[in-house]
Each structure stands twice: as C-alpha cells, then as structure tokens.
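[1] Got a predicted model here, sequence first, then my questions.
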Amino acid sequence: MRKESQSVIDDVISKINPVPISLTHIELATKISERCTGIRSPELVDAYMDPRKFSVGEFCPKFKKKVKDESVYILLMPGPYTKPESIIYKACITARAAKEAGAKKVVLLSTDLPHARQDRGSEEDAKAEGEPNTVRLHADTFKAAGIDQVITTHIHSPRIAAFFAQSYGLIPEEMKFDSNNKEIPFDANNKEIQKIGESVIKSISPHAILADYILHQSSLIRNGYLADKGAKFVLKAMDKGNREFIDLLYAALFLPNVSRVYCNKARTAKNDPKKVEVSIDSVSDNFTTLDGKLESFDDDGLDTGGTMFKAVNWSNAGNLCSETGKSFGIPEARFIYFTHAWLGGDAHQGIQERIFKNLPATEFVTTNTRPYVGDAQYYRFKMKSTILRLAGLWGDAIIANELGQDIEQRYCGFESEEQQHQFMKRLYVLKRHSSHFLNEGIEPRKRKLDFYLRE
C-alpha cells in the first residue's frame with residue numbers, strides 16, 4: 001500500500017463540505033466529518049451548514065461558507081426517531097440549496113438507504129399490485145434535486161442501480177431501441193444497465209471488514225471455530241440474494257476449509273404452518289456435514305426476525321432439504337451477522353429481546369448504519385452483540401470518491417489476509433459489552449466492599 005501525498009490530501013479535503021441534515025444522530029455525523037476533514041472539533045456539527053428550521057418547523061438549511069466549485073456531502077443516517085420520508089426530502093432541499101450556491105458536486109452519503117427494499121411496483125411484480133416502486137421515485141427525485149451521486153452500504157439489491165441509470169438518463173439509445181427502432185422494455189435485472197447505474201449509486205460492501213473482525217477480534221477465535229483453516233466453519237446463504245455476499249465473505253476470510261451451503265428462502269410447509277420447508281440448491285465442494293460445526297448467517301439486514309427464526313428452527317431440526325429429504329446435519333453453534341439493524345424501527349428494543357430468546361447464537365454482529373442500535377439495547381442481547389462502527393470507512397470513502405477512486409472496489413479483492421488486515425483495521429472500531437465473551441457458568445467473584453458510617 002502506498003500513501004497519497006499530504007499535499008494532494010490537503011487539497012482534496014479543503015474542498016469537502018460534510019453537512020448533516022438532522023441533529024438526531026449527530027455523534028456519527030461528527031465522527032464521519034472528522035474522518036474526512038482531519039479536523040477534530042465539536043463545532044463540526046454546523047461548521048458548514050446550519051440545518052435550521054423556520055418557527056413553524058419548515059426545514060430551511062443555510063450554508064455558512066461558500067461552496068462554489070466545491071463538493072457537498074449530505075450525511076443521512078436513518079433511524080426510528082426520524083421518518084425516512086422526512087429525511088429524504090430534507091436531503092433534497094439541502095442538495096438544491098447547495099446547487100443554487102454553486103456547488104460543483106452534491107453527494108448523498110446515506111449509511112442505509114431508506115426504502116431500499118421497496119424496489120418493485122405494479123410494473124415489476126404482480127404481488128406488488130397497487131404499491132409504489134419507491135426506489136424509482138427516489139432516483140427521480142434525487143436527479144431533480146441536483147444530487148449527483150449516492151453512496152450507501154450493502155445495498156439490498158443490484159436492481160436499484162438500474163433504476164438510477166434510468167432516472168439519470170444514462171442508458172444509451174442502442175439499449176433502449178432494437179435494430180428496427182422498436183422500444184426495448186426496461187429491465188431492472190439487466191446486468192449492463194445495473195453497471196451503468198453504479199456510476200451514480202455506489203454501494204460499499206462490508207464483507208472485508210466483517211472478515212477482518214471474525215479473524216482478529218470475534219468470539220470464534222476463542223471457541224476454536226477458525227482452527228484447521230476454518231474446517232468447522234460453514235457459511236449459509238438462506239436465499240439467492242444473499243449468495244454473492246456469502247461468496248465475497250468466503251474469499252475475504254482466506255480460510256480454504258470454510259464450506260458453504262446455498263438455500264432458498266424458508267417458507268411455511270403447505271400442510272403444517274408450524275413447520276418450515278427449505279430447499280438446498282447446492283453446497284461447496286468441500287462441504288461434508290453441519291454436524292458439530294458452526295453455521296454462520298450473514299445478510300444485509302434483520303427486521304422482525306421472522307424469516308431468521310424459521311431458518312434456525314429448520315436448521316435445529318436437521319437441515320432437511322424439502323426436495324430430496326436429505327439431512328445436512330445439525331450445527332453445534334451459530335454466528336449471526338446483519339449489516340443493517342432495522343429491528344422493526346420503533347420496536348427495536350423488544351425485537352432485540354425476541355432475537356436473543358429465539359435465536360441461540362455464539363455472537364450477534366451488526367454495524368451502526370442505523371446508529372440507534374448502540375444507544376438502547378436489550379441488556380442480554382447487548383452481552384452477546386458486537387457493533388462494528390464504520391465512521392472511518394465512510395470518511396475514507398468520501399476522500400476516495402473525491403480522488404476519483406472506485407469505492408465499490410476499494411474495500412475488497414485483497415491479495416492476502418495480512419494486506420487486508422493492515423488496510424481494514426483502521427476503518428472500524430468496536431462497541432460491545434464489557435463482559436462480552438465471558439464463559440457461561442463462570443463462578444461469581446466476591447470482592448471486599450468498604451462501607452463507612454457517617455457520625
């Protein structure tokens with residue numbers, strides 16, 4: 001790895017204006033600003049823009065410094081205390097203010113993109129009859145507001161990029177009309193169109209950070225599940241949309257004996273709603289059984305936990321393939337990771353309790369794309385959970401984006417585990433309970449207490 005010259009970095013960061021649009025999660029916004037400007041100051045909260053409101057509550061941001069020919073990065077962190085529709089529109093108002101003030105580029109840094117799961121409407125899916133394709137609406141609105149790029153984390157589907165390609169007018173004519181000048185129907189699943197859209201919406205995959213955490217700081221080290229090059233470690237993809245992330249994680253672990261299982265989403269059995277059916281499409285060549293091993297669920301997000309509960313119950317019953325009837329074994333332990341802690345929004349504390357009681361796991365790992373998960377936790381869930389705090393990653397991505405680097409490729413594809421560790425370890429920090437990883441059944445330790453009477 002080569003360090004960029006300080007003069008180049010200084011020139012880049014002098015033209016970066018990070019602006020939070022909500023004071024709800026201001027600590028994370030401040031930390032991101034620190035990591036992309038090199039300045040440590042509580043005044044970063046409103047150093048560049050005052051996210052003010054009129055007396056009646058109308059949002060009317062005001063830039064406090066000139067942004068002409070500079071880059072404005074709008075920081076959006078969703079959570080249950082701010083309505084997604086509200087913060088999306090605030091971002092658009094801020095973008096318009098920046099463009100009218102002469103900003104060269106306006107980028108929306110949305111740690112988790114609101115409504116990203118609503119990427120199908122009546123046109124795309126009969127089951128969504130009467131529903132809006134909110135992703136397409138956001139793409140149209142961002143374009144109209146003057147947002148030039150969107151940076152987010154672990155996007156829900158590659159289809160989203162295709163809608164941005166369409167809304168931003170990037171699809172070339174030869175892909176819209178055939179040789180007879182007949183219009184070709186738009187297809188969000190078209191890989192070429194998705195690739196074009198990635199020039200506007202850029203999604204950072206956190207698989208290498210997760211791999212670095214697993215290899216260097218997780219409970220799996222102590223429990224021996226990484227021994228023998230990962231022979232007791234099995235990655236499980238529960239649906240087709242999860243498979244690419246599982247494969248990327250496998251490559252980033254640099255443990256050749258880790259095996260993989262590829263399933264289709266758990267569904268209720270036709271004749272028994274209390275039972276679950278799952279088909280297993282394939283397994284990696286080195287897979288033998290789940291018996292006596294640790295299975296790892298790793299996905300983009302966890303909401304109410306319903307699908308995960310089904311998957312775990314099915315796994316505990318022997319991982320019976322619904323199509324072949326073959327048992328793939330019963331795991332000894334479980335590791336659960338999800339990037340976005342949706343957790344039912346307002347209900348997140350109750351769902352944490354539900355997850356803890358219904359999902360037996362060695363460890364739960366998530367990130368702070370939704371910062372509230374670290375603010376209020378069900379205490380037992382907290383004792384088994386780790387939050388990967390990613391302000392360093394997002395700050396680094398802002399600088400890399402200004403330097404014209406491909407931030408979708410910057411955090412993956414390392415040649416060795418050591419190279420990956422040296423690069424990734426500076427981009428995240430941990431938040432977890434002080435008693436994390438204590439062995440169950442440990443004897444309570446008595447300590448001498450001094451107590452003084454007042455005379």
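    Thanks, I have the structure now.

[2] my guess is Cys321 meets Ile280, correct?
    Yes. Using CB atoms under 8 Å, Cys321 makes contact with Ile280 at a distance of 4.4 Å. For glycine as for every other residue, the C-beta is placed from the backbone atoms N, C-alpha and C.

[3] what touches both of these two?
    The contact sets of Cys321 and Ile280 overlap at Phe328 (CB atoms under 8 Å, 6 or more residues apart in numbering).

[4] Please name every helix or strand in contact with the longest helix along the chain.
    Criterion DSSP state H: the longest helix present in the chain is helix 84-100. Packed against helix 84-100 by the contact rule (3 or more CB pairs under 8 Å, 6 or more residues apart in numbering; DSSP states H and E) you find strand 16-20, strand 62-63, strand 71-76, strand 105-110, helix 134-145.

[5] Using the record's assignment, carve this structure into domains.
    6-204, 207-390+399-432 (automatic domain parsing).

[6] closest to Lys448 out of these?
    Nearest to Lys448, of all the domains of the chain, is domain 207-390+399-432, at 25.7 Å by CB to CB.

[7] Need the domains of the chain in a markdown table (columns: mean neighbour count, distance to Lys448 and mean pLDDT).
    Below are the domains of the chain laid out as a markdown table (neighbours: other CB atoms under 10 Å; distance: least, CB to CB, whole Å; pLDDT from 0 to 100):
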| stretch | mean neighbour count | distance to Lys448 | mean pLDDT |
| --- | --- | --- | --- |
| domain 6-204 | 18 | 38 | 93 |
| domain 207-390+399-432 | 18 | 26 | 91 |
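
[8] With distance to Arg447 as new columns, can those domains be given to me in JSON lines?
    Formatted as JSON lines, the domains of the chain follow (distance: least, CB to CB, whole Å):
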{"stretch": "domain 6-204", "distance to Arg447": "34"}
{"stretch": "domain 207-390+399-432", "distance to Arg447": "20"}
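
[9] Which one of those lies nearest to Lys446?
    Proximity to Lys446, assessed across these by CB to CB, is greatest for domain 207-390+399-432 (21.1 Å).

[10] So what would you say the end-to-end distance of that closest one is?
    Criterion CA to CA, to the nearest Å; first-to-last residue distance in domain 207-390+399-432 is 20 Å.

[11] again, but for stretch 55-68
    This stretch, stretch 55-68, spans 29 Å end to end (CA to CA).

[12] One more: stretch 408-424?
    Chord length of stretch 408-424, first to last residue, is 14 Å (CA to CA).

[13] tell me the contacts of the closest residue to Thr362 other than its chain neighbours?
    In this structure, Thr362 finds its nearest non-sequential neighbour in Ala333, 4.9 Å apart by CB to CB, 6 or more residues apart in numbering. By CB under 8 Å, 6+ apart, the contact set of Ala333 is Asn223, Tyr225, Leu294, Glu295, Ala361, Thr362.

[14] how about those, which pair is most distant?
    It's Asn223 and Glu295 that sit farthest apart of these, by CB to CB, at 13.4 Å.

[15] picking that back up, and the residue nearest to Thr362, how far is that from His138?
    According to CB to CB, to the nearest Å, Ala333 and His138 sit 40 Å apart.

[16] Could you do Glu129 as well?
    For Glu129, the distance to His138 - CB to CB - is 21 Å.

[17] Likewise for His348?
    Counting by CB to CB, the gap from His348 to His138 is 23 Å.

[18] Equivalent analysis for Gln194, please.
    On the measure of CB to CB, Gln194 and His138 end up 16 Å apart.

[19] Please enumerate the strands of the stretch 151-300 of the chain.
    201-204, 233-237, 259-263, 267-269, 272-277, 280-283, 294-302 (DSSP state E, counting those that start in this stretch).

[20] Can you add distance to Leu215 and give the ones you listed back as TSV?
    TSV is the format used below for the strands of the stretch 151-300 of the chain (distance: least, CB to CB, whole Å):
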stretch	distance to Leu215
strand 201-204	19
strand 233-237	11
strand 259-263	17
strand 267-269	34
strand 272-277	32
strand 280-283	23
strand 294-302	13
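
[21] closest to Lys83 out of the ones you listed?
    Lys83 lies closest to strand 294-302 among the strands of the stretch 151-300 of the chain, at 18.4 Å (CB to CB).
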